[in-house]
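> sequence first, predicted coordinates after that:
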Amino acid sequence: AYAKVRYVVRAGTAPEMLELLEGVRKVGTGAAMMTETTLSHQILAAVSNLIYTEPLGEAMHNNLERLGPPPFSEVDLA
């Protein structure tokens, strides 16, 4: 038999998220020990705190204003 579980772990800061992730891993390890099975884990994606910088934000905004919105046809809108 084989089972697969996907968890999304979120926290206010990266250190808090890493601590929470370790707790989730321990729960999985404990469950595997209780059922005499094996456990493997894999991190599929991660993001961290974003730090906004005014000059880069303004540059991005100016470029988006210059480019304008993407063109949509009547078929797209339908």
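Good, I have the coordinates. In this text the structure is predicted, and so the values were computed from the model without any measurement.
> what's downstream of the longest helix along the chain, the next helix or strand?
If you go by DSSP state H, the chain has its longest helix at helix 14-35. Remark: after helix 14-35, the chain's next helix or strand is helix 54-67, criterion DSSP states H and E.
> rewinding a little: centre of the chain to the longest helix of the chain, how far?
Distance, stretch centre to chain centre, for helix 14-35: 17 Å (CA atoms, centre = their mean, to the nearest Å).
> got the buried residues for that helix?
Met17, Leu21 (16 or more other CB atoms under 10 Å). C-beta here means a position set from N, CA and C on the backbone, and glycine is covered the same way.
> name the residues that touch that helix?
Val5, Tyr7, Val9, Arg10, Ala11, Thr38, Leu39, His41, Ser48, Asn49 (CB atoms under 8 Å, 6 or more residues apart in numbering).
> ranking those by neighbours, who comes first?
Neighbour counts for these peak at Val9, which has 16 neighbours (criterion: other CB atoms under 10 Å).
> could you report the separation of that residue from Thr35?
Val9 sits 22 Å away from Thr35, going by CB to CB, to the nearest Å.
> kindly report the same for Val24.
Counting by CB to CB - Val24 and Thr35 are separated by 17 Å.
> swap in Lys26?
Distance from Lys26 to Thr35, by CB to CB: 15 Å.
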